[in-house]
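>>> I'd like to go over a predicted model; first the sequence, then the structure.
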Amino acid sequence: MSTISSPPIPQSSGLLLAPELRLSLYETMVLCRTYEEAILREYHADKGPGFDIGKGLVPGEMHLSAGQEPVAAGVCAHLTTADALTATHRPHHLAIAHGMDLRAMTAEIFGRVDGLGRGRGGHMHLFDPETHFSCSGIIAEGYPPALGMAFAFQRKGNGAIAVAVTGEGAANQGGFHESLNLAALWKLPVVFVVEDNDWGISVPRSASTSIPTNAARAAGYGIPGERVEDNDVEAVHAAAGRAVARARAGEGPSLIEVHTLRMWGHFEGDAQGYRPELPEVAGRDPIPRYAQQLITDGVLATDDVARLKAAASERVEDAIAFAKASPIPDPATAGEYVFV
């Protein structure tokens, strides 16, 4: 019996990344983590006693991306704000890496009038025309809009591409497969990225997916598929570079799956009793691991770790202060800015 295999993504020359680029990847990861730590702090600050998900400055669910920073840094290093990026219900790291304004983003998360959607969307529905960024709380539903943008870019011939990011659980949804099929059929300039953090809410991948890697699914649509192990930002950067170059050259879509890490709960308040590996998670943190690699290679000095963290904290705290100072929308305007 013959088997179907994905065409390979053309390999790069294998040259080491420039020190300036490696430092930039690290800085992006630090900024993303610093932001999530601040949102974590503000989210929980006024939800007690106990935990009331409906209380506080930021009521409702909150999905944070600590541990998945290598995906955002590695992929977005190849993009400009002319390129489109669609994300999941866990979107902050991708929005930050793609250049979204921290003040407007944070004000939206806090539900304030100076937010991206004037406080109407919240953290799972960040829409930013300036950076062609959008995300959705509906599983796999970032993929079809990415096709629309890729189709527009193709018609315009402007060289821009779309990147669609989703989780491994979403790879079992119809929107995922329909999007891969149409993108391959029309040879659209799009890169599909799957963040495999091992858990679809509380369901392990082994209990929901019949194959060991979603990258293998690319073969069914005649497009390249590649899986990146170890949550390695430089490996992500290399894989994304190959896929982005292919899309920009008019050669069509590619699929990348990154075995990443969800360090915290599916949502804030998740006790994570279903995770037997939880005691080991902190030791798999990709940021200190990459810092040590850069220090060993002479790219980063030990003193730089604290300095870059402080610089990131300054930016993040400015955004938090801006959001808190922004007015809460007048209830009388609830119907405004929702329907165009």
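Arrived safely.

>>> ok now the longest helix along the chain, how far from the chain's centre?
Counting residues, the longest helix found in the chain (DSSP state H) is helix 19-44. Helix 19-44 has its C-alpha centroid displaced from the chain centroid by 13 Å (CA atoms, centre = their mean, to the nearest Å).

>>> packing partners of it?
If you count contacts as 3 or more CB pairs under 8 Å, 6 or more residues apart in numbering; DSSP states H and E, helix 19-44 packs onto helix 69-76, helix 92-97, helix 102-109, helix 233-248, helix 286-296, helix 302-325. Where C-beta positions appear, they are placed from N, C-alpha and C, glycine not excepted.

>>> now do the buried residues in it.
For helix 19-44, burial by neighbour count (16 or more other CB atoms under 10 Å) applies to 22-23, 25-36, 38-39, 42-43.

>>> what about the chain, any weak spots by pLDDT?
Along the chain, segments meeting pLDDT under 70 span 1-15, 340.

>>> which outside residues touch stretch 226-239?
Here stretch 226-239 makes contact (CB atoms under 8 Å, 6 or more residues apart in numbering) with 9, 12, 17, 21-22, 25-26, 29, 67, 69-71, 73-75, 77-78, 213-215, 242-243, 254-261, 284, 286, 290.

>>> what's the span of that stretch, first residue to last?
7 Å (CA to CA, to the nearest Å).

>>> so how far is it from its chain's centroid?
On the basis of CA atoms, centre = their mean, stretch 226-239 sits 14 Å off its chain's mean C-alpha point.

>>> got the buried residues for that stretch?
Under 16+ other CB under 10 Å, the buried positions of stretch 226-239 are 226-228, 231-239.

>>> ditto for stretch 208-222
Using 16+ other CB under 10 Å as the test for burial, stretch 208-222 gives 209, 213-219, 221.

>>> CA atoms of that stretch as PDB?
Taking Å, rounded to 0.1, in the frame of the first residue of the first chain, the C-alpha atoms of stretch 208-222 are listed here in PDB:
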ATOM      1  CA  SER A 208      -8.600  13.400  21.300                       C
ATOM      2  CA  THR A 209      -6.400  13.000  18.300                       C
ATOM      3  CA  SER A 210      -5.800   9.700  16.400                       C
ATOM      4  CA  ILE A 211      -2.300  10.600  15.100                       C
ATOM      5  CA  PRO A 212       0.900  11.600  17.100                       C
ATOM      6  CA  THR A 213       1.400  14.900  15.200                       C
ATOM      7  CA  ASN A 214      -1.000  17.300  13.400                       C
ATOM      8  CA  ALA A 215       1.900  18.200  11.100                       C
ATOM      9  CA  ALA A 216       1.200  14.900   9.400                       C
ATOM     10  CA  ARG A 217      -2.200  16.100   8.400                       C
ATOM     11  CA  ALA A 218      -0.700  18.500   5.900                       C
ATOM     12  CA  ALA A 219       0.000  15.500   3.600                       C
ATOM     13  CA  GLY A 220      -3.700  15.000   3.000                       C
ATOM     14  CA  TYR A 221      -3.800  18.400   1.400                       C
ATOM     15  CA  GLY A 222      -0.600  18.200  -0.600                       C
END
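
>>> any of the contacts of stretch 226-239 buried? List them.
By 16+ other CB under 10 Å, those give 9, 17, 22, 25-26, 29, 67, 69-71, 73-75, 77-78, 213-215, 242-243, 254-261, 286, 290 as buried.
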